[in-house]
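# Sequence below, structure please.
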Amino acid sequence: MKRKNRPVILDPHDLNGTAQQLASAYELDDETLQTLQRIVALYPRAVPMYVDEAAALLYEDLPLADKFTFDIETDELILFARDPQTLIDACVEMAMYLAGFTTKMGHDEPWITEFTAGAWKPVRKRIKRELGLAVNDRPQGVVGLPPAADHAPTDDPYPFRTLVAHYDLVSFRQMIVLAARDELAVYFPPETHPKVRAVYLHARRAIQDVARGVGLGDYRVFNERLLDALRRLEGLFMPSELGLPDWLTRIMPRAAATAPTDFPAERDATSPHDPFAEFLEQLLDEQDTQDLTDDNAPDEL
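The predicted structure follows:
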């Protein structure tokens, strides 16, 4: 059940009133308040925004997930954190949502939602640059490296290698998840199945192709490219014909039983708990995710 605080009304026709509500509800400096006013000025109409306090507790332990979503029934912006960066990114994406960018939220194949979310991010960055806001293009972490000996799970000393060694429904879905996270670099061990790596590389490039040159007013171009990219992914990799891996049944019987419907969709606020999302977070923890520098970054993939 949602526990939401009093909503702030983001009103492009009352930017001073919006700033006053934001200042009252969140601890924000003047620069952040001015930035949010400039973003809200892009909106065609007013929208409510609130923090889902119950979900926020769960999202604290999901560093890969965006800390916001949209309620497509009420057009509300829902936050799972109160920090300035979350507010800025959420408000920029609400501008995209209101403009008409396809979200694919609630799709029967959640990997499609994940791919779509990944394609939104370069557009969000472009809008931020146009507003003169800072954008970080450097990877913030790496996934796929062997875990340190004292952090290796006893049942599987290298779970990422297990994940990518076979081409199946789980490895396909996780490659889409990772391709959609532009803040992560991925190291593929030598045992990686060629088609698993191909899914990641194709999805990564396709996300950039969908978003290339797209600004806030180019939602029709974005939506057309998105549909074409999704059709190509389905035609090339045929995810609907893939089965579950044997290792999943051994180590995660509950996740295996629910896999067809419980894969994470980062903008689905109704189901923040998900076994596959937990598995990916576990991989990051086991591999001692670190900030990347030019000296320790993996090869360009």
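
# name the element L87 belongs to?
Using DSSP states H and E, L87 maps to helix 84-99.

# and that helix, what's its mean pLDDT?
Per-region confidence: helix 84-99 scores 96 on mean pLDDT.

# Stretch 211-229 too?
The pLDDT scores in stretch 211-229 average 97.

# Same check on stretch 233-245?
According to the model, stretch 233-245 has a mean pLDDT of 93.

# What are the buried residues along it?
L233, F237, P239, P245 (16 or more other C-beta atoms under 10 Å). Where you see a C-beta, it was placed from the backbone N, CA and C, and this is true even at glycine.

# Can you give the distance of that stretch from its chain's centre?
21 Å (C-alpha atoms, centre = their mean, to the nearest Å).

# Helices of the stretch 1-150 of the chain, start to end?
Assigned by DSSP state H, counting those that start in this stretch, the helices in the stretch 1-150 of the chain fall at 15-25, 30-40, 53-59, 84-99, 110-130.

# can you put those in TSV and add mean neighbour count?
Formatted as TSV, these follow (neighbours: other C-beta atoms under 10 Å):
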stretch	mean neighbour count
helix 15-25	16
helix 30-40	17
helix 53-59	16
helix 84-99	21
helix 110-130	21
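
# weakest of those in terms of mean pLDDT?
Of all the helices of the stretch 1-150 of the chain, helix 53-59 has the smallest average pLDDT, which comes to a mean of 80.

# Would you pull up how far that helix lies from the middle of the chain?
Using C-alpha atoms, centre = their mean, the offset of helix 53-59 from its chain centre is 16 Å.

# Can you show me the CA trace of it as PDB?
Below are the C-alpha coordinates for helix 53-59, written out as PDB (Å, rounded to 0.1, in the frame of the first residue of the first chain):
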ATOM      1  CA  GLU A  53       7.300   6.600   1.400                       C
ATOM      2  CA  ALA A  54       6.700   2.800   1.600                       C
ATOM      3  CA  ALA A  55       8.400   2.100  -1.800                       C
ATOM      4  CA  ALA A  56      11.200   4.500  -0.900                       C
ATOM      5  CA  LEU A  57      12.400   2.100   1.800                       C
ATOM      6  CA  LEU A  58      12.600  -0.700  -0.700                       C
ATOM      7  CA  TYR A  59      14.400   1.400  -3.400                       C
END
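
# what pLDDT does D137 get?
According to the prediction, D137 has pLDDT 84.

# Could you tell me how far the nearest residue to it once chain neighbours are set aside is located from N136?
The shortest distance from D137 to any non-neighbouring residue, by C-beta to C-beta, 6 or more residues apart in numbering, is to K125 (7.5 Å). Relative to N136, K125 is positioned 9 Å away (C-beta to C-beta, to the nearest Å).

# Can you check what angle separates the helix holding L87 from helix 110-130?
On the basis of axes from the mean of the first three to the mean of the last three C-alpha atoms, to 10 degrees, helix 84-99 is oriented at 110 degrees to helix 110-130.

# and helix 84-99, what other elements does it pack with?
Secondary-structure packing of helix 84-99 (3 or more C-beta pairs under 8 Å, 6 or more residues apart in numbering; DSSP states H and E): helix 30-40, strand 47-51, strand 68-71, strand 76-79, helix 110-130.

# same thing but at 6 Å, please
Counting contacts by 3 or more C-beta pairs under 6 Å, 6 or more residues apart in numbering; DSSP states H and E, helix 84-99 packs against helix 30-40, strand 76-79, helix 110-130.

# can I get those in TSV with distance to P147?
Below are the helices and strands packed on helix 84-99 laid out as TSV (distance: least, C-beta to C-beta, whole Å):
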stretch	distance to P147
helix 30-40	38
strand 76-79	33
helix 110-130	24
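
# who wins for proximity to A180 among the ones you listed?
When the helices and strands packed on helix 84-99 are ranked by distance to A180, counting by C-beta to C-beta, first place goes to helix 110-130 at 2.6 Å.

# pull the CA atoms of the closest one into CSV?
What follows is helix 110-130, C-alpha atoms only, in CSV (Å, rounded to 0.1, in the frame of the first residue of the first chain):
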residue,chain,number,x,y,z
PRO,A,110,9.1,-6.3,-19.2
TRP,A,111,12.4,-6.4,-21.1
ILE,A,112,10.6,-4.1,-23.6
THR,A,113,10.0,-1.6,-20.8
GLU,A,114,13.7,-1.9,-19.8
PHE,A,115,14.9,-1.2,-23.3
THR,A,116,12.5,1.8,-23.6
ALA,A,117,13.8,3.2,-20.3
GLY,A,118,17.3,2.9,-21.6
ALA,A,119,16.4,4.8,-24.7
TRP,A,120,14.9,7.6,-22.6
LYS,A,121,18.2,8.3,-20.8
PRO,A,122,20.2,9.8,-23.7
VAL,A,123,17.2,12.1,-24.5
ARG,A,124,17.1,13.1,-20.8
LYS,A,125,20.8,13.9,-21.0
ARG,A,126,20.3,16.0,-24.1
ILE,A,127,17.5,18.0,-22.5
LYS,A,128,19.7,18.6,-19.4
ARG,A,129,22.5,19.8,-21.6
GLU,A,130,20.2,22.2,-23.4
